[in-house]
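Peer 1: just a sequence and a predicted model for now, questions to come.
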Amino acid sequence: MTDREIIPTQSAYLELKAERAGMEEGYHFLDEKRLILASEILAALRDHAQAMARWHEAERAALEALRGAVGRHGLEELSLYPPLASPGCAAERKARTVLGVRIERLPQALGPGSEPDSSHREGSGQAQPTRALNPSSEAERCRDCFAALVPIAQQLAVVDGNLERLRDEYTRTARRARALEDVLLPEIDDSLRAIDNALEELEREESVRVRWSSLGTT
């Protein structure tokens with residue numbers, strides 16, 4: 001029985017049955033919501049794995065370019081090489097909502113084996129880097145390769161944010177579904193059985209009373 005006191009009447013039984021039907025409908029909704037959120041989490045994990053693959057590929061290219069630039073200029077001279085004025089990372093995000101959860105997406109970052117983005121160079125409309133006193137193709141390649149890591153890092157940050165929001169909503173949904181399945185619905189079932197047994201007992205008592213009354217009148 002639940003904590004509330006329920007008088008065993010037919011109307012209370014019907015009211016509790018209706019309440020149980022509503023709870024069961026809510027449980028089915030939460031269960032379906034769990035499946036949809038789990039599907040979105042799997043998709044976000046695939047996006048994260050793809051972004052990490054691009055990151056590792058770009059990171060290897062950046063480290064290789066760094067070795068070449070250090071071999072050409074030395075570490076001290078390379079540390080004075082002018083940086084890019086802007087890494088040119090994508091700022092515009094597209095978003096959609098899945099069951100109240102905001103899912104963001106950026107334009108696809110560079111894939112494995114792609115050349116670094118050269119949009120920061122002449123004609124791009126962005127501020128140009130300061131001209132180096134001792135320029136070299138090795139240093140330019142190093143700067144471009146490290147700049148290519150920025151949009152991939154931004155992509156990873158967006159996917160991580162999606163995963164966090166999805167995980168939080170899935171946890172809340174699963175907790176509510178378990179509360180209905182393991183606590184509230186069983187409590188109502190116990191109450192329904194108790195009321196049903198009480199009504200049967202009252203019916204038997206009424207039958208005995210009517211029988212005794214009929215015997216007393218004869």
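Peer 2: On my side now, so go ahead.
Peer 1: what's the burial count for residue 136?
Peer 2: For residue 136, the count of nearby residues is 16 (other Cβ atoms under 10 Å). (Each C-beta comes from the backbone N, C-alpha and C, glycine too.)
Peer 1: and what of residue 8?
Peer 2: The local packing of residue 8 (other Cβ under 10 Å) involves 16 other residues.
Peer 1: verify the contact between it and residue 202 for me.
Peer 2: Yes: assessed by Cβ atoms under 8 Å, residue 8 is found in contact with residue 202 at 7.1 Å.
Peer 1: lowest average confidence, helix or strand, in this protein?
Peer 2: helix 185-217 (a mean of 82; mean pLDDT, DSSP states H and E).
Peer 1: by contact count, what packs against that one?
Peer 2: helix 10-73 (3 or more Cβ pairs under 8 Å, 6 or more residues apart in numbering; DSSP states H and E).
Peer 1: on the three-state scheme, the residue positioned nearest the centre of the chain is what?
Peer 2: Per Cα atoms, centre = their mean, the C-alpha nearest to the average position across the chain is that of residue 166, at 1.4 Å. The assignment at residue 166 comes out as helix when based on DSSP: H, G, I helix; E, B strand; the rest coil.
Peer 1: rewinding a little: so which bits of the least confident helix or strand of the chain are buried?
Peer 2: Using 16 or more other Cβ atoms under 10 Å as the test for burial, helix 185-217 gives 185, 187-188, 191-192, 195, 198.
Peer 1: tell me the one of those residues nearest residue 54?
Peer 2: Nearest to residue 54 among the buried residues of helix 185-217, counting by Cβ to Cβ, is residue 185 at 46.7 Å.
Peer 1: the closest one touches residue 20, doesn't it?
Peer 2: Yes: judged on Cβ under 8 Å, residue 185 makes contact with residue 20 at a distance of 6.9 Å.
Peer 1: list the contacts for the residue nearest to residue 176 when sequence neighbours are not counted?
Peer 2: Among residues not flanking residue 176 along the chain, residue 30 sits closest, at 5.6 Å (Cβ to Cβ, 6 or more residues apart in numbering). Applying Cβ atoms under 8 Å, 6 or more residues apart in numbering, we find residue 30 in contact with 173, 176-177, 180.
Peer 1: just put these in a markdown table and tack on pLDDT, secondary structure and neighbour count.
Peer 2: Formatted as a markdown table, the contacts of residue 30 follow (pLDDT from 0 to 100; DSSP: H, G, I helix; E, B strand; the rest coil; neighbours: other Cβ atoms under 10 Å):
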| residue | pLDDT | secondary structure | neighbour count |
| --- | --- | --- | --- |
| 173 | 96 | helix | 20 |
| 176 | 95 | helix | 16 |
| 177 | 95 | helix | 19 |
| 180 | 94 | helix | 18 |
